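# Compute the structure for the input listed below.
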Amino acid sequence: MSFKAGPRNLITDVAGLRVGNSADAKLKSGVSVVLCDEPAVAGVQVLGGAPGTRETDLLEPHNSVEAINAVVLSGGSAFGLDAASGVQAALRERGIGFAVADQRIPIVPGAILFDLINGGDKNWGRYPPYRELGYEAVQNAATGFGIGTAGAGTGALVAGLKGGLGSASTALESGITIGALVAANPVGAVTVGGGRHFWAAPFEIGDEFGGLGLPSPLPPNSTDIELKFRRRPVAGANTTIAVIATDAVLTKPAAKRLAIAAHDGFARAIWPTHTPMDGDLVFALATGKSGIAPDPDSITDLYAAAGATMARAIARAVYSATAASGDLMPVWSSLKD
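All right, here's what the predicted structure looks like:
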């Protein structure tokens, strides 16, 4: 089965979703929000050893909330969890949320990555700026949005390079679309042996992240374990956080399985991944807009595409990063052959 990208090659090729970014260049941090035009069935899977999350327990299949209004990815480590409060405030102003009597409660799970030691000015005073960044991200929500040094990926770093915000989509033969949004900030590396070739190369569509393929032969240092801040690795000082979304009709348990499958993309694109020093997490969303409930064969294709699409999004995050004053690491585009 061959895959093709959607028209935007963004998560917003999935009908019913918009994405908003906000960032502070001086802070070297930011927020990304995925807004659901209508409440979407959701799931989550955490495989990193040091996660930072909000409202993830309610997404487990045995718990009662079936659908959510938005998902937030934020920089700022634990301080960034406040971004979801800003998103929640913006949605409440619009009358969006779970109805309880005469109240509306926006359901907004979120996750954070660590970008506190990336060269940005974190002297924000009494309160961190993430609540306002979350509110601003909602105002910026659209079907078109920036990747690379944008939103939650603004201050992201990977082993040896600047990280970023990535997105990709896949249109399946079944008529279903799947898309990924990721803030790539792992302790591990996304390129082979510190060079320009991406580990995700086998899944690349066209030249969406350079079209270089894998090096042949693989260099002797391909399996060397390169870590960000190798001499001072800190638990939680990393993390790749992501959203995988589809317009298929899925149950809550199937959305959970989609999140699990999307983690395969982490393993295809990052070496090593899911470490004790990462808080790796994937949210899953199913908008149901295609009206297609996958049969056993097509759902296997969907889960395979989840991993491939996520791997591409991770590579695109690093490929698209741009240089800024005070950066601790170079951008991919500065590497030489």
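
# check contacts around Leu17.
By C-beta atoms under 8 Å, 6 or more residues apart in numbering, Leu17 lies in contact with Ile11, Val34, Leu35, Cys36, Asp37, Ala40, Thr143, Gly179, Ala245, Leu285, Thr287. C-beta here means a position set from N, CA and C on the backbone, and glycine is covered the same way.

# Can you get me a residue count around the residue lying closest to the first one once chain neighbours are set aside?
The shortest distance from Ile11 to any residue that is not its chain neighbour, by C-beta to C-beta, 6 or more residues apart in numbering, is 3.5 Å, and that residue is Gly179. A count of neighbours around Gly179, defined by other C-beta atoms under 10 Å, yields 32.

# is it fair to say Thr309 lies in a helix?
Yes - assessed by DSSP: H, G, I helix; E, B strand; the rest coil, Thr309 belongs to a helix.

# That one contacts Leu181, correct?
No - the pair Thr309 / Leu181 is not scored as a contact, 10.2 Å apart, by C-beta atoms under 8 Å.

# For those two, indicate the residue with more neighbours.
Shown here are Thr309 and Leu181; by other C-beta under 10 Å, Leu181 has more neighbours (35 against 31).

# Who are the contact partners of the more buried one?
Contacts of Leu181 (C-beta under 8 Å, 6+ apart): 10-11, 19, 32, 34, 73, 165-167, 242-243, 245, 313.

# and the closest residue to Lys252 other than its chain neighbours, how many neighbours?
Once flanking residues are discounted, Lys252 sits nearest to Pro61: 4.8 Å by C-beta to C-beta, 6+ apart. As a burial measure, Pro61 scores 13 neighbours (other C-beta under 10 Å).

# Which of the contacts of Leu17 fall within helices?
Judged by DSSP state H, helices contain none of the contacts of Leu17.

# Now render the residues you listed as a markdown table, adding distance to Leu116 and pLDDT.
Compiled in a markdown table, these are given as follows (distance: C-beta to C-beta, whole Å; pLDDT from 0 to 100):
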| residue | distance to Leu116 | pLDDT |
| --- | --- | --- |
| Ile11 | 27 | 98 |
| Val34 | 24 | 98 |
| Leu35 | 27 | 98 |
| Cys36 | 30 | 98 |
| Asp37 | 34 | 97 |
| Ala40 | 31 | 98 |
| Thr143 | 32 | 98 |
| Gly179 | 29 | 98 |
| Ala245 | 29 | 98 |
| Leu285 | 28 | 98 |
| Thr287 | 34 | 98 |
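
# Which of the residues you listed fall within strands?
Val34, Leu35, Cys36, Asp37, Ala40, Gly179, Ala245, Leu285 (DSSP state E).

# among those residues, which ones are buried?
Buried members of the ones in strands among the contacts of Leu17, counted by 16 or more other C-beta atoms under 10 Å: Val34, Leu35, Cys36, Ala40, Gly179, Ala245, Leu285.

# List just the nearest of those residues to His197.
Gly179 (24.6 Å; C-beta to C-beta).

# Any idea what that closest one is bridged to?
Ser169, Ala245 (DSSP bridges).

# about what we covered before: got the ones in strands among the contacts of Leu17 as TSV, with distance to Thr56 columns?
TSV is the format used below for the ones in strands among the contacts of Leu17 (distance: C-beta to C-beta, whole Å):
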residue	distance to Thr56
Val34	15
Leu35	18
Cys36	17
Asp37	22
Ala40	15
Gly179	21
Ala245	17
Leu285	14
